[in-house]
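The following block contains a protein sequence and its predicted model.
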Amino acid sequence: QQHGLPDNLMPLMTAVATGRVPVLRVYGGDYPTQDGTAIRDYVHVMDVADAHLLAMRHLDDRPGLRVMNVGTGTGVSVLELLTEFGRACGMRLPHEIVGRRAGDVASLVADPGRITAEWGWKASRNVQHMCQDAWNFTCRHELTRA
């Protein structure tokens with residue numbers, strides 16, 4: 001991990017697209033998935049924020065802790081997300097498939113059924129929105145500092 005750079009996929013893709021990191025390392029290309037890369041439930045940060053605001057409105061509904069999964073309920077592979085981000089930024093991002101990370105599973109997707117049933121929340125933005133918004137943010141903020 002590079003100092004000051006988070007070790008999660010979206011910030012790493014923006015770092016590669018802006019030239020701060022030369023190549024994106026994709027951990028694992030031999031999972032039992034359609035393209036061999038891990039599948040995750042990528043959710044837009046604004047959908048997460050909306051869910052948190054909704055949770056705050058429900059703080060006084062009843063006492064006690066409630067656990068709710070926030071996600072889209074749909075899995076996207078790492079290579080699918082990489083392709084979509086490439087569309088958003090207008091370039092093919094250099095990447096290399098490296099070995100799996102210890103403890104990673106082939107697929108991990110949220111079940112937002114409880115938050116939908118109890119509070120009517122559902123993610124309203126898809127992966128295309130997420131990639132385009134991340135790139136737009138990067139262009140407005142990171143690239144202006146360079």
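Done, it's in.

show me where this structure has strands.
Ranges of strands within the chain are 24-27, 39-40, 76-77, 95-98, 107-108, based on DSSP state E.

which strands and helices sit next to the third one?
What it means is strand 76-77. strand 39-40 (3 or more CB pairs under 8 Å, 6 or more residues apart in numbering; DSSP states H and E). Yep, even glycine has a C-beta here, placed from its N, CA and C like the rest.

ok, 10 Å please
Contacting strand 76-77 under the criterion 3 or more CB pairs under 10 Å, 6 or more residues apart in numbering; DSSP states H and E are the following elements: strand 39-40, helix 78-89.

Same question for the last one.
Using 3+ CB pairs under 10 Å, 6+ apart as the contact criterion, the elements in contact with strand 107-108 are strand 39-40.

that older thread, now distance to M130 and mean neighbour count too, for the strands of the chain, in a markdown table please.
Shown next, in a markdown table, are the strands of the chain (distance: least, CB to CB, whole Å; neighbours: other CB atoms under 10 Å):
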| stretch | distance to M130 | mean neighbour count |
| --- | --- | --- |
| strand 24-27 | 16 | 16 |
| strand 39-40 | 12 | 20 |
| strand 76-77 | 10 | 20 |
| strand 95-98 | 18 | 13 |
| strand 107-108 | 17 | 12 |
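
Redo those strands as TSV? Include distance to H58 and mean pLDDT.
Formatted as TSV, those follow (distance: least, CB to CB, whole Å; pLDDT from 0 to 100):
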stretch	distance to H58	mean pLDDT
strand 24-27	37	96
strand 39-40	27	98
strand 76-77	29	98
strand 95-98	41	98
strand 107-108	26	98
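
Please tabulate the helices and strands packed on strand 76-77 in CSV and include distance to V23 as additional columns.
Putting those into CSV (distance: least, CB to CB, whole Å) gives the following:
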stretch, distance to V23
strand 39-40, 20
helix 78-89, 12
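
Thanks a lot, see you next time.
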